[in-house]
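# Pasting the sequence and the predicted coordinates here, then a few questions.
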Amino acid sequence: MKLAIFLLGAYLLGSLSPGYFLVKIKARKDIREVGSGSTGATNVLRYQGWKLAVPVMLFDLLKGFLPVYLGRLWWADEKRALLGLLLAVLGHCFPFYLKFKGGKGVATTIGGFLYLAPVPMLISLGIIVAMVLLFRYVSLATLTGLFTFPFINFLLRRDKNLFWASLVIFFVVVWQHRANLKRLLAGQERKFGERVNA
């Protein structure tokens, strides 16, 4: 019963969408009708700038951090913390009250992995930053960084549970980026720093 409540709470926390609510309040606009259609920080940045994007990113990071922190606090078994992170990512990507159309899951994933495996995640974040600087495609950079994380983590820590869980979460994030991948292949993906209009 405790585990079921924990997992439901992780999903509900993940489903909280600051990007949707902040843009709705400030611009009277559904962020899902703008740019990439995501409620996440990158799309908010393109539409409303840093002042809204930063709190969105911080809250989305917290949505991943908190379930794994509580999961490790309440249980010695890391598997429950990983399940909590997976449910938080699914909540972020598929919030029930927004007709299951939310964000891409990147910041929430990073928030959880920064707690569970900080050194491998920081290395992957370095790869993400380098990719953004080199190619200026946030989607390409984040997918590359999150793909490398399971392997970097396994090489450094030999954690099989985290390896498989991070691969599952990676494929959830890939699914959410399927439109971005199509645009990348077509040469139509927006680069970092480009603004979008309503």
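Received, thanks. Small disclaimer: the values here were computed from a predicted structure and weren't measured.

# Now do the longest helix seen in the chain: which elements does it pack against?
With secondary structure taken from DSSP state H, the chain has its longest helix at helix 50-74. Contact here means 3 or more Cβ pairs under 8 Å, 6 or more residues apart in numbering; DSSP states H and E; on that basis helix 50-74 packs against helix 2-15, helix 18-27, helix 41-48, helix 78-93, helix 106-116. Placement of C-beta: from N, CA and C, glycine included.

# when you compare where the fourth one runs with where helix 18-27 runs, what's the angle?
Think helix 78-93. Counting by axes from the mean of the first three to the mean of the last three Cα atoms, to 10 degrees, helix 78-93 points 30 degrees away from the direction of helix 18-27.

# same question for helix 78-93, mean pLDDT?
The average pLDDT for helix 78-93 rounds to 96.

# what's the helix or strand of the chain with the lowest mean pLDDT packed up against?
Using mean pLDDT, DSSP states H and E, helix 41-48 stands out as the lowest-scoring helix or strand of the chain, at a mean of 90. Counting contacts by 3+ Cβ pairs under 8 Å, 6+ apart, helix 41-48 packs against helix 18-27, helix 50-74.

# from those, which stretch is densest packed?
Mean neighbour count (mean count of other Cβ atoms under 10 Å) peaks for helix 50-74 among the helices and strands packed on helix 41-48, with a mean of 20.

# Distance of residue 176 relative to residue 51?
25 Å (Cβ to Cβ, to the nearest Å).

# ok, now residue 80?
37 Å.

# Let's check: the centremost residue of the chain is which one?
By Cα atoms, centre = their mean, the chain has its centre lying nearest to residue 106, at 2.0 Å.

# Not counting sequence-adjacent ones, nearest residue to it?
Distances taken as Cβ to Cβ, 6 or more residues apart in numbering put residue 142 closest to residue 106, at 4.8 Å, once the chain neighbours are dropped.

# Would you check how far apart that neighbour and residue 125 are?
Distance, residue 142 to residue 125, using Cβ to Cβ: 10 Å.

# More neighbours: which of those two?
residue 142 (26 against 17; other Cβ atoms under 10 Å).

# The helix or strand containing that one - contacts with which helices or strands?
Assigned by DSSP states H and E, residue 142 belongs to helix 138-157. On a contact count with 3+ Cβ pairs under 8 Å, 6+ apart, helix 138-157 meets helix 106-116, helix 118-135, helix 160-176, helix 178-186.

# in it, what counts as buried?
138-150, 152-154 (16 or more other Cβ atoms under 10 Å).

# Tell me what angle it forms with helix 41-48.
Per the same axes, to 10 degrees, the angle that helix 138-157 makes with helix 41-48 is 150 degrees.

# And for helix 138-157, what's in contact with it?
Under the criterion Cβ atoms under 8 Å, 6 or more residues apart in numbering, residues 42, 104, 106, 109, 113, 117, 119-121, 123-125, 127-132, 135, 159-160, 162-164, 166-167, 169-170, 173-174, 177, 180-181, 184, 189, 192 lie in contact with helix 138-157.
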